[in-house]
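A.B. asks: Please find the sequence and the predicted model below.
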Amino acid sequence: MSDRDPGSGCVGGKNDGGRVAVVTGAGSGIGRAVARLLLRSGYRLVLAGRREQELHDTADGHAAALIQPTDVTLPDEVEALFDRGVGEFGRVDVLFNNAGIFGPVGSVDEISLRDWESTVSVNLTGSMLCAAAAVRAMKAQQPQGGRIINNGSISAHSPRPRSAAYTVTKHAMTGLTKSIELDGREFGITCGQIDIGNTATDIMSTLGVGTGALQADGRRLVEPTFPVAEAARAVLMMVDMPPSVSVGSVLITAAGMPFIGRG
């Protein structure tokens with residue numbers, strides 16, 4: 001846990017203290033939990049998401065939270081997100097690249113091209129656009145540098161049945177993470193990925209994890225979950241590491257879930 005003053009910083013104050021983080025997909029689930037924990041830990045935040053009211057619900061009136069409705073698939077809106085963050089707070093120290101969707105349920109021969117492209121657009125292209133804007137800001141600021149954390153998935157290691165579109169984007173996220181980490185070295189920019197399995201969010205309900213999730217052998221099993229607050233703590237651990245430390249990969253799952261040996 002950070003020892004920064006949780007009350008430091010306010011919207012519009014470039015010199016109010018506290019590191020500056022951008023969180024995408026901040027209106028619900030993991031993004032909301034991470035945003036609220038960062039605010040409690042003294043960060044100044046730019047909250048991004050498509051639904052403005054949900055962003056306000058996440059911020060809950062916190063003075064250090066800046067609301068910026070953003071569709072991460074639209075380059076102009078992504079640029080506006082980072083321009084506003086730098087304009088209000090003076091810099092960007094952290095990007096939690098979290099916006100994503102599960103996409104169509106089906107094997108590769110069953111999903112439509114439209115649904116495939118939509119999933120790739122949000123999960124992969126959106127993450128690339130946000131990372132690119134963050135890197136440009138981190139290169140330009142003084143002192144130079146920052147940290148990017150990409151939200152992957154345990155599907156980056158082992159897929160669930162009938163999740164071709166989602167799984168491909170999360171495997172690709174790993175390549176994006178490693179490329180950003182490599183290319184960012186000379187500028188003091190680090191990039192890592194957190195792969196989370198079965199934290200209790202709405203997407204887990206969609207997959208039937210709590211009532212019976214489809215397994216590779218055709219059975220449906222009730223899988224264990226863990227509180228989203230614990231996933232947020234893992235992200236904070238990565239965020240709070242000093243610039244001399246790069247955290248390349250963190251894997252956190254519900255104890256006892258079918259992951260090791262899955263399939």
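C.D. replies: Now that the structure is in, tell me what you want to look at.
A.B. asks: what bits of this protein have low per-residue confidence?
C.D. replies: The chain contains residues with pLDDT under 70 at 1-16, 204-208, 210, 261-263.
A.B. asks: Tell me where the longest helix sits in it.
C.D. replies: helix 164-184 (DSSP state H).
A.B. asks: Give me the contacts around that one.
C.D. replies: Residues from elsewhere that reach helix 164-184, judged by CB atoms under 8 Å, 6 or more residues apart in numbering: 100-104, 106-108, 111, 115-116, 119-120, 123-124, 127-128, 131, 135, 138, 148, 150, 152-153, 155-156, 159-160, 189-193, 195, 246, 248-249. Every residue, glycine included, has its C-beta placed from N, CA and C.
A.B. asks: at 6 Å instead, please
C.D. replies: Helix 164-184 is contacted from outside by 102-104, 108, 111, 116, 119-120, 123-124, 131, 148, 150, 152-153, 155-156, 159, 191, 193, using CB atoms under 6 Å, 6 or more residues apart in numbering.
A.B. asks: distance of Arg32 from Ala26?
C.D. replies: In this view, Arg32 and Ala26 are 6 Å apart by CB to CB, to the nearest Å.
A.B. asks: The two - which one has more neighbours?
C.D. replies: When neighbours are counted by other CB atoms under 10 Å, Ala26 comes out ahead of the other of Arg32 and Ala26, with 32 against 24.
A.B. asks: List the contacts of His149.
C.D. replies: Just to correct that, residue 149 is Ile rather than His. 96, 192, 238.
A.B. asks: Mind doing that once more with 7 Å?
C.D. replies: 96-97, 192, 194, 235, 238-239 (CB atoms under 7 Å, 6 or more residues apart in numbering).
A.B. asks: give me the beta-bridge partners of it?
C.D. replies: Phe96, Gly192 (DSSP bridges).
A.B. asks: Please report how far it lies from Gly31.
C.D. replies: 12 Å.
A.B. asks: what do you get for Gly87?
C.D. replies: From Gly87 over to Gly31 (counting by CB to CB), the distance is 22 Å.
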